[in-house]
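Participant: sequence plus predicted model, see below.
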Amino acid sequence: KQEVTQIPAALSVPEGENLVLNCSFTDSAIYNLQWFRQDPGKGLTSLLLIQSSQREQTSGRLNASLDKSSGRSTLYIAASQPGDSATYLCAVRNDYKLSFGAGTTVTVRA
Amino acid sequence: ETGVTQTPRHLVMGMTNKKSLKCEQHLGHNAMYWYKQSAKKPLELMFVYSLEERVENNSVPSRFSPECPNSSHLFLHLHTLQPEDSALYLCASSQDLGQGANEQYFGPGTRLTVT
């Protein structure tokens, strides 16, 4: 069974600092990995999807890396803003199933 | 409407009630999913449908009954629920179940409270 772990569980930084969020998974036979953002009480917004054959994906201030062999992914958010405050979820896909981590709750202080 | 929509957004029901959650996707996808998100726990996959056929029932109690009448609509029928079933129920869709990117797109969720 795939196990996904996200560290840290919570993070508070001043505006302008770079954010580093970590995700690890136990079964490296994945199809892809997705990073999502979730605002309180809301649904999930997909941020980045990395195919198993890729090493990284970038979108604006976001960059996600994937090291499939070691079972790790990192999401970098450059120059954080108060609007980046949310919970960030990592999910890995084996077959058709997505397995989620518990998330990292980020607070960016103005 | 665009993307994935869910109704109602909030639902309060007693343990003896029967209610249904509705999900609709406007993306032309062939696969749809129900997830449960309880407080402080990771999302749990409940059901998966591909072309209206159920392909996954992840050990979900029978008080939850899914229905997929066509590839655009997914329902979750609820009856005789327990207080521990209170959670955010999320619907998602993807193009299909194949090995491609198949990014999952999520709806806003239904916040269910069982009293």
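Facilitator: Structure's in. What do you need?
Participant: quick check: residues of chain A near chain B?
Facilitator: Within chain A, the positions near chain B by C-beta under 8 Å from any C-beta of the partner chain are A:4, A:31-32, A:34, A:36, A:41-46, A:49, A:51, A:89, A:91, A:93, A:95-103. Backbone N, C-alpha and C define where each C-beta goes, glycine included.
Participant: just the buried residues from those, in PyMOL please.
Facilitator: Entered in PyMOL, the line below selects the buried ones among these, by 16 or more other C-beta atoms under 10 Å in any protein chain shown:
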select buried, chain A and resi 4+31+32+34+36+42+43+44+46+49+51+89+91+93+96+97+98+99+100+101+102+103
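Participant: can you show me the strands along chain B?
Facilitator: Taking DSSP state E as the criterion, chain B carries its strands at B:4-7, B:10-13, B:18-25, B:31-37, B:44-50, B:53-57, B:64-70, B:73-79, B:87-94, B:105-106, B:110-114.
Participant: what comes up buried for the third one?
Facilitator: This means strand B:18-25. So for strand B:18-25, counting by 16+ other C-beta under 10 Å, buried means B:19, B:21-25.
Participant: which one of the residues you listed is nearest to chain A?
Facilitator: Using C-beta to the nearest C-beta, residue B:23 comes nearest to chain A of these, at 10.9 Å.
Participant: run through the bridge partners of that closest one.
Facilitator: Bridge pairing for residue B:23 (DSSP bridges) gives the partners residue B:6, residue B:74.
Participant: residues contacting stretch A:31-42, please?
Facilitator: Here stretch A:31-42 makes contact (C-beta atoms under 8 Å, 6 or more residues apart in numbering or on different chains) with A:23, A:25, A:44-52, A:62, A:64, A:66, A:73, A:75, A:86-95, A:98, A:103, B:88, B:99, B:101-104, B:106, B:108-109, B:111.
Participant: go with 6 Å
Facilitator: Residues from elsewhere that reach stretch A:31-42 (C-beta atoms under 6 Å, 6 or more residues apart in numbering or on different chains): A:44-52, A:64, A:66, A:73, A:75, A:86-93, B:99, B:108.
Participant: starting at the chain centroid, how far to it?
Facilitator: Centroid separation for stretch A:31-42 versus its chain: 7 Å, with C-alpha atoms, centre = their mean, to the nearest Å.
Participant: and for stretch A:66-74?
Facilitator: That offset, for stretch A:66-74, works out to 12 Å (C-alpha atoms, centre = their mean).
Participant: straight-line length of it, end to end?
Facilitator: 7 Å (C-alpha to C-alpha, to the nearest Å).
Participant: in chain B, which residue is most central in space?
Facilitator: By C-alpha atoms, centre = their mean, chain B has its centre lying nearest to residue B:34, at 2.9 Å.
Participant: I'd assumed residue B:45 was in contact with it.
Facilitator: No. Counting by C-beta atoms under 6 Å, residue B:34 does not reach residue B:45; the two are 7.8 Å apart.
Participant: returning to that earlier point: so of the residues of chain A next to chain B, which ones are in helices?
Facilitator: Taking DSSP state H, every one of the residues of chain A next to chain B sits outside helices.
Participant: which ones among the residues of chain A next to chain B map onto strands?
Facilitator: Counting by DSSP E, the part of the residues of chain A next to chain B found in strands is A:4, A:32, A:34, A:36, A:44-46, A:49, A:51, A:89, A:91, A:93, A:97-100.
Participant: where is pLDDT lowest across those?
Facilitator: Lowest pLDDT among those: residue A:97, with 87.
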